[in-house]
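> predicted coordinates and the sequence they were generated for:
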Amino acid sequence: MENEMNFHTRKWVKPEDLNPNQSLFGGRLLQWIDEEAALYTVIQLENKHVVTKFMSEIDFISAPKQGDIIEIGIMATHFGNTSLTLRCEVRNKITRQPILRIERIVFVNLDQDGNPIPHGKSKIKYVQDWLAAE
C-alpha cells in the first residue's frame with residue numbers, strides 16, 4: 001500500500017506512567033497503542049465492534065522519561081476479509097527518536113454477537129474521502 005505513517009496521538013509522560021526505573025512503563029505504552037490502533041480500526045471499518053487478534057513482537061528501542069512528549073503512529077498495511085492489519089511506530093515528538101515498533105497488529109471486525117464478519121473494505125479511507133462523499 002502506498003500510504004504513510006500517520007502520527008495523530010500525542011501523550012505526555014507523567015509521573016503516574018513511570019516504572020521503578022523512572023522511565024515509561026511498557027504496559028502503559030502498550031495500552032495507549034492498543035487504544036489508538038482500535039480507534040483507527042473502528043474509523044476505517046466504520047464499526048465499533050472490533051477486537052485485537054494479534055500483535056507481533058514488540059521492539060522497545062528507547063525509554064521515554066518523565067516530561068517527554070511521545071507520538072503514536074499507525075498505518076494500515078493489509079485489509080483481510082474480516083481483519084485489518086496495522087503497523088505501529090512510537091517516537092519522541094521533539095527529537096523524532098524512535099521509541100517502539102510493532103510490525104503487525106491485527107484487528108478483527110465483529111457483528112453484534114461477537115462473531116467475525118466481513119467488513120467489505122479494501123483501502124484506506126482518509127478524512128478528505130468522507131468530506132467528498134457529503
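Sure thing, it's come through.

> please point out which parts of the strand or helix carrying Ala76 sit buried.
Secondary structure from DSSP states H and E places Ala76 in strand 69-79. Neighbour counts over strand 69-79 (16 or more other Cβ atoms under 10 Å) mark Ile70, Glu71, Ile72, Gly73, Ile74, Met75, Ala76, Phe79 as buried. For every residue, glycine as well, the C-beta is placed using N, CA and C.

> before we move on, what about stretch 27-37?
Buried positions in stretch 27-37, judged by neighbour count with 16+ other Cβ under 10 Å: Arg28, Leu29, Trp32, Ile33, Glu36, Ala37.

> give me the angle between the helix ranked longest in the chain and strand 69-79.
Scanning the chain for the longest helix, with DSSP state H as the assignment, gives helix 26-45. Inter-element angle recorded for helix 26-45 and strand 69-79: 50 degrees (by axes from the mean of the first three to the mean of the last three Cα atoms, to 10 degrees).

> what helices or strands is helix 26-45 leaning on?
With contacts taken as 3 or more Cβ pairs under 8 Å, 6 or more residues apart in numbering; DSSP states H and E, helix 26-45 sits against strand 6-12, strand 50-55, strand 58-60, strand 69-79, strand 83-92, strand 98-109.

> hmm, back to that, give me the sheet partners of the strand holding Ala76 and which way each runs.
Strand 69-79 sits in its sheet next to strand 6-12 (antiparallel), strand 83-92 (antiparallel), going by DSSP bridges.

> by mean pLDDT, show me the worst of these.
Sorting those by mean pLDDT places strand 6-12 lowest, at a mean of 92.

> distance from the chain centre to that one, please.
Distance of strand 6-12 from its chain centroid, counting by Cα atoms, centre = their mean, to the nearest Å, is 10 Å.

> poorly predicted segments of this protein, please.
Low-confidence regions of the chain, defined here as pLDDT under 70, cover residues 1-3, 127-134.

> now do the most centrally placed residue in it against Pro64, distance only.
Nearest residue to the geometric centre of the chain (Cα atoms, centre = their mean): Ala37, 2.8 Å. For Ala37, the distance to Pro64 equals 19 Å [Cβ to Cβ, to the nearest Å].

> right, I'll leave it there.
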